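Asks: my questions are about this predicted structure, shown below with the sequence.
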Amino acid sequence: MFDNKEKTNIEALGEFGLINHLTKNIQLVQKSTLKGVGDDAAVLDPQGKKVLVSTDMLLEGIHFDLAYTPLKHLGYKAVQVNLSDIYAMNAIATQVTVSIGLSSRFPIEAIEEIYEGIYIACEKYGVDVVGGDTTASKQGLVISVTSMGYANPEDITYRDGAQEGDLICVSGDLGGAYVGLQLLEREKLVYLENPNIQPDLEGKDYIVERQLKPEARRDIVELLKDIDVKPTSMIDVSDGLASEILHICKQSNKGCSLYEEKIPIDPMTYETAREFGLDPTVCALSGGEDYELLFTVKQADYEKIKFKMDISIIGHITEPASGYNLISKSGNVHPITAQGWNAFPTNNSDQTNS
């Protein structure tokens, strides 16, 4: 988990000293940030826009496993999963707060690695860190990030706006994060049985990165704005395609038809899923953690999006009575059910995707 260089105990700095140490080099880039870290509260100026706020918590042993998750990647991912929620509202994220609970087994150098990943993500996406907290934890490492963003009222997109006949679109490709997780879990078991065996991840960089270092899709929000397309509904794919399309349909009081052959699956995801004896389509439907954007658009916008490289049209919205259906490659119709991530599993087994 950590390298063998000399470690510094957190007690050497104390809570406020640690906060100062971690935040001393923050550079603010957003005009809407009037006051960031250093006072009792941040001061933000919406500049006439609506404010969007979202919070996610990542728990060690539930959402991540430090046996194969580099701390820098963990910090990066913690930010990304929160920014994704803002982009899923067709808005742009501008600020985050970061709170961490940690045990004494983590030296300052480990926390620095986490924050290095946090700052890399924030710099890449033009987001300011404006506050947070650190505290002791007896339950392992806990990271909680709150993201904030702004949008003009007319641009905000909710889950409940899908209309009959709308096209169902998704960015990127699906299932990669889940298959990457299966690969990492397999290599962990091999290592535990024989620590002398090195992980065999050669040629699998893409799906491993999909799990450990996801990228929120701000570029899709910007693209839609550039081509003058306002989605009628939108959500990010954190719990699997099936779960997310059901959220849109149920909140919009509509049905849907998805076409299996249209669901974008990367060749590496497809091949690796088959190696594990998994159905690639099921991985895309139920895997989760892809953090792509699933959205609906009016049929009149078809010409604007049909040739966009990173957007796939995978189905359409139907009347409520039609239900929620997947049309297989062979033409059979299957009802869509949500079998993705469950935040409160009924058994005692740990889940490591979120």
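Replies: Yep, that arrived.

Asks: count the neighbours of residue 233 for me.
Replies: Residues near residue 233, counting by other Cβ atoms under 10 Å, number 26. In this view, the C-beta of every residue, glycine as well, is placed from N, C-alpha and C.

Asks: before we move on, what about residue 328?
Replies: Residue 328 sits with 12 neighbouring residues when counted by other Cβ under 10 Å.

Asks: against residue 334, how distant is it?
Replies: 6 Å (Cβ to Cβ, to the nearest Å).

Asks: now swap in residue 315 and tell me
Replies: Distance from residue 315 to residue 334, by Cβ to Cβ: 13 Å.

Asks: which residues in the stretch 151-300 of the chain form strands?
Replies: Counting by DSSP state E, counting those that start in this stretch, the stretch 151-300 of the chain has strands at residues 167-171, 233-236, 255-259, 293-297.

Asks: figure out which of the ones you listed is closest to residue 146.
Replies: Minimum separation from residue 146 across these (Cβ to Cβ) falls at strand 233-236, 16.2 Å.

Asks: show me what that closest one is packed up against.
Replies: Identification of packing neighbours for strand 233-236 by 3 or more Cβ pairs under 8 Å, 6 or more residues apart in numbering; DSSP states H and E yields helix 71-87, helix 241-252, strand 293-297.

Asks: list the contacts of that strand.
Replies: The contact list for strand 233-236 (Cβ atoms under 8 Å, 6 or more residues apart in numbering) reads 84-85, 87-90, 157-162, 166, 216-217, 244, 247-248, 251-252, 291-296.

Asks: those, buried ones only, as a PyMOL selection?
Replies: In PyMOL, a selection of the buried entries from the contacts of strand 233-236 looks like this (16 or more other Cβ atoms under 10 Å):
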select buried, resi 84+85+87+88+89+90+157+158+159+161+162+166+216+217+244+247+248+252+291+292+293+294+295+296
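
Asks: related to what we said a few turns ago, out of the strands of the stretch 151-300 of the chain, which is the most enclosed?
Replies: strand 293-297 (a mean of 27; mean count of other Cβ atoms under 10 Å).

Asks: helices or strands up against that strand?
Replies: On a contact count with 3+ Cβ pairs under 8 Å, 6+ apart, strand 293-297 meets strand 167-171, strand 233-236, helix 241-252.

Asks: what about the longest one, average pLDDT?
Replies: Along helix 241-252, the predicted confidence averages to a pLDDT of 97.

Asks: sorry, back to before: turn the strands of the stretch 151-300 of the chain into CSV, including distance to residue 114 and mean pLDDT.
Replies: Shown next, in CSV, are these (distance: least, Cβ to Cβ, whole Å; pLDDT from 0 to 100):
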stretch, distance to residue 114, mean pLDDT
strand 167-171, 28, 98
strand 233-236, 23, 98
strand 255-259, 38, 98
strand 293-297, 26, 98
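
Asks: got a markdown table for those strands, with distance to residue 79 too?
Replies: Below are these laid out as a markdown table (distance: least, Cβ to Cβ, whole Å):
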| stretch | distance to residue 79 |
| --- | --- |
| strand 167-171 | 19 |
| strand 233-236 | 14 |
| strand 255-259 | 30 |
| strand 293-297 | 17 |
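
Asks: wait, which of those is closest to residue 140?
Replies: strand 233-236 (26.0 Å).

Asks: okay, the closest one in PDB with CA atoms only?
Replies: This file holds the C-alpha atoms of strand 233-236, laid out as PDB (Å, rounded to 0.1, in the frame of the first residue of the first chain):
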ATOM      1  CA  SER A 233     -33.400  13.800 -19.500                       C
ATOM      2  CA  MET A 234     -30.000  12.800 -18.200                       C
ATOM      3  CA  ILE A 235     -28.300  10.600 -15.600                       C
ATOM      4  CA  ASP A 236     -24.700   9.300 -15.100                       C
END
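
Asks: how far off centre is that strand?
Replies: From the chain centre to the centre of strand 233-236 is a distance of 13 Å (Cα atoms, centre = their mean, to the nearest Å).

Asks: ok, stretch 302-317 next?
Replies: Averaging C-alpha positions (Cα atoms, centre = their mean) puts stretch 302-317 22 Å from its chain's average.

Asks: which residues does that stretch contact?
Replies: Stretch 302-317 is contacted from outside by 162-172, 219-220, 223, 227-229, 245, 249, 252, 254-259, 262-264, 296-297, using Cβ under 8 Å, 6+ apart.
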